[in-house]
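Q: Need a 3D model of the sequence below.
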Amino acid sequence: MPDKDLTIERSLADFKKAYRNKRKLIERQKEDFRFALGNQWDAEKAQKLREKGIEPVTDNRIAPNIFLLTGLERQNRSEFKAFPEGEEDSIKAEVASHLFKHAIKISEYGYESSDQFKDGVTCGESHLELYLDYTYNILNGKPCWRKLDCDQVFPGPHKKYDFSDAPHLYKLTLDLSKDDLIGLFPEMDKEIEKASGGKIDFNAFTADGTHLQKKDYPKEGGESSEEEEEECFDLIERYYKKWSTRYYVGDRQTGQIQEAEDKDKATEFVANYQNEIAMEQEAFALAQQQAAILGETGGMVPPSPAPRDPKRFFVFNRNVPEIWYFAHTPGVKKPLADEQAWFYPKWKSYPIVPYFARFSTAPITGDDKHLLVQGIVHGLKGSQKKHNSAETLMLMHLNGSANSGWISEEDSWVDPKKVEHYGATPSVNLEYKVGKPEPKRIFPMALSQGHQILSQETAEAIKAQSGINADLLSVQEGGQASGRAIALRQKQGVVMVQEPFDNKSRTTKIAGKFLLSQLGEIYDTETAKKVLGEAFLTKNFPPPLMMDESGQLDPNTGLPAQVPMPSPKTGQPMTYDEEMAELAIAEVLSGDLGQYDMAVGESVASDTMRMANSEEVKEFAQLYPGLIPPDLLIEESQMQQSTKKSILGRIKQAQAAAANQPPVAA
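A: Residues are numbered from 1 along each chain as shown. Here you go, the predicted model:
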């Protein structure tokens, strides 16, 4: 249904529905986090054990599995890279990849992405949001990634991984101060200043009104921070699809489609094209008439114009969804914002990039719908509880049987209190009365084998259920293995947990496409050239040459020497072709390349993977001598860039010297 007249009431109704649909999942996800952090006992059961003098044992076997997966992700971390769709797009892809790399560095995407992965494999879901910070530069925004928790994002009904089929997507931020809210919406400062009661009434959403943990925790002594909460606001932000009619001009000759400003502009373009053809034909007919009149006096018949199809261009329209942004908070009667999203039309989806460790579209509804999204913790909780219970029972048995006591006749001990207090102490000397039978120690029963076996079995079950196996742990029987063999074993072992890593790759590609579309908001031509560097520009855009006016000859060719043309901006000789470089950069910054000219993928970012790639290149060089050039081996090595540059320079000097040497006489 088109969102033409969105109101706060309607938006709040949609938010309530989205919240209720996800509430069960959020409750389970919070329990998953508690389990991963070691809070694994039911509070009532733990209290009963403590009342009996028994401290519940928590042997957390889930956390190491999470640490292993997050460690693998960090060791094999990748970054964005643009891959050309055609050979002619390779330079533009290189430009985009360099800008990607710089944008990743200044936005710290790698750290936020790893935090997203950790939360995702724990509870099943986490999100990243891209926004641009114009605090220090009003022209070029600084890219920033923000990790959003699972209880902040509420999508509308959807089946696709990236929310692209959801009619709307909500982001909830709790407990914003009045100053923070004014900072986000300065044009609404008067309405916000007058507002009161900016908190959401979750009692109206559900029967018990439970929700997330708020920012303002109770103070020591049980005092609540009511004063601070009075000035806090809950912000509801909605991204939604607003349908509108768009007009396009189609080109039957090239197959390209260009969006027009409106219907009049589209029809005007087609009419102008047809008028040009008509004018050409009229001019040609007139020229033919004049040539016929002057035929006997030397009149020449002009060449006929190239044939052009008057029906080449055509106008059509489509209803397309625009992405709009709507924000509101309780206590403010007007919407804080209702406008086209800042990233549209270069990015035609939502600005929140999800990560799901395990995501299913099975037709499950009702209370079990939360099972469609899972991390690794949910399936391990049963085995972890059994393991903790078995460990606790073993400890109870051990503590109860360690001091089993003594068997003695009544009134046998000289000092009964000493026996009571120190009877189990090592090397204690105890005395019994003369004439009384000698007391006998009660020896403890053997430790319960059943509990021990149950504890071991549940520990192994946790490993098996999580997909952690010997290959993934790089366990090598019969001695040590090489680093490459260990890497291969890990690659085989990761099959059991391949889905979370595949989904991570999917998330990275979505984030990369989003960032590619917004490069024009982050860089302009001049800042992009600074990021690329003069060496890159000189290599990929060699300067145009002109003949040296001094008339000197090139010693290598014997032809007139050529020198770089002067720059039209500075008058100095160009080190690179400025016009071609700026044209290529402008195409990348336009934000349209992701649709036609290049695809976004991943490239190696971690030292571990770079080292593995370097080893593979060395092996190829040994298998096929002479086919791998030395400069490629050096580029793939792990040496510092300055060292690589120095070695490559010497190789080039040696090659140049060898090329100029005279042939050796036989």
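
Q: For the rest of this, base every contact and every neighbour count on C-alpha atoms.
A: Fine.

Q: the helices in the stretch 501-650 of the chain, which residues?
A: Assigned by DSSP state H, counting those that start in this stretch, the helices in the stretch 501-650 of the chain fall at 519-522, 525-532, 534-540, 578-589, 593-596, 607-623, 630-636, 641-660.

Q: ok, now the stretch 51-200 of the chain?
A: 62-75, 90-107, 109-123, 178-184, 189-194.

Q: sorry, back to before: and the helices of the stretch 501-650 of the chain, which one's lowest on average pLDDT?
A: In terms of average pLDDT, helix 593-596 trails the rest of the helices of the stretch 501-650 of the chain, at a mean of 53.

Q: if we can go back for a sec, switch the helices of the stretch 51-200 of the chain over to CSV; also include mean neighbour count, mean pLDDT and distance to Gly520.
A: Shown next, in CSV, are the helices of the stretch 51-200 of the chain (neighbours: other CA atoms under 10 Å; pLDDT from 0 to 100; distance: least, CA to CA, whole Å):
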stretch, mean neighbour count, mean pLDDT, distance to Gly520
helix 62-75, 17, 87, 30
helix 90-107, 20, 86, 10
helix 109-123, 22, 93, 18
helix 178-184, 16, 92, 23
helix 189-194, 15, 90, 30
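
Q: Indicate which one of these is closest to Met565.
A: Of all the helices of the stretch 51-200 of the chain, it is helix 90-107 that lies closest to Met565, at 22.2 Å by CA to CA.

Q: C-alpha coordinates for the closest one, CSV please?
A: Below are the C-alpha coordinates for helix 90-107, written out as CSV (Å, rounded to 0.1, in the frame of the first residue of the first chain):
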residue,chain,number,x,y,z
SER,A,90,39.3,-2.1,-14.8
ILE,A,91,40.7,1.4,-14.2
LYS,A,92,37.4,2.5,-12.7
ALA,A,93,37.3,-0.6,-10.5
GLU,A,94,40.9,0.2,-9.3
VAL,A,95,39.8,3.8,-8.4
ALA,A,96,36.8,2.5,-6.5
SER,A,97,38.9,-0.1,-4.6
HIS,A,98,41.4,2.6,-3.5
LEU,A,99,38.6,4.8,-2.3
PHE,A,100,37.0,1.8,-0.6
LYS,A,101,40.2,1.0,1.3
HIS,A,102,40.5,4.6,2.5
ALA,A,103,36.8,4.8,3.5
ILE,A,104,37.2,1.5,5.5
LYS,A,105,40.2,2.9,7.3
ILE,A,106,38.7,6.2,8.4
SER,A,107,35.3,4.5,9.3
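
Q: What average pLDDT does the helix or strand hosting Ala266 get?
A: In this assignment (DSSP states H and E), Ala266 forms part of helix 263-293. On average, the pLDDT along helix 263-293 is 85.

Q: which strands and helices sit next to that helix?
A: With contacts defined as 3 or more CA pairs under 8 Å, 6 or more residues apart in numbering; DSSP states H and E, helix 263-293 has these neighbours: strand 232-251, strand 313-328.

Q: quick one, domains of the chain?
A: Residue ranges for the domains of the chain, per automatic domain parsing: 37-152+351-358+365-395+453-546+580-605, 246-319, 607-653.

Q: Span of the second one from start to end?
A: Distance across domain 246-319, first residue to last, is 6 Å (CA to CA, to the nearest Å).
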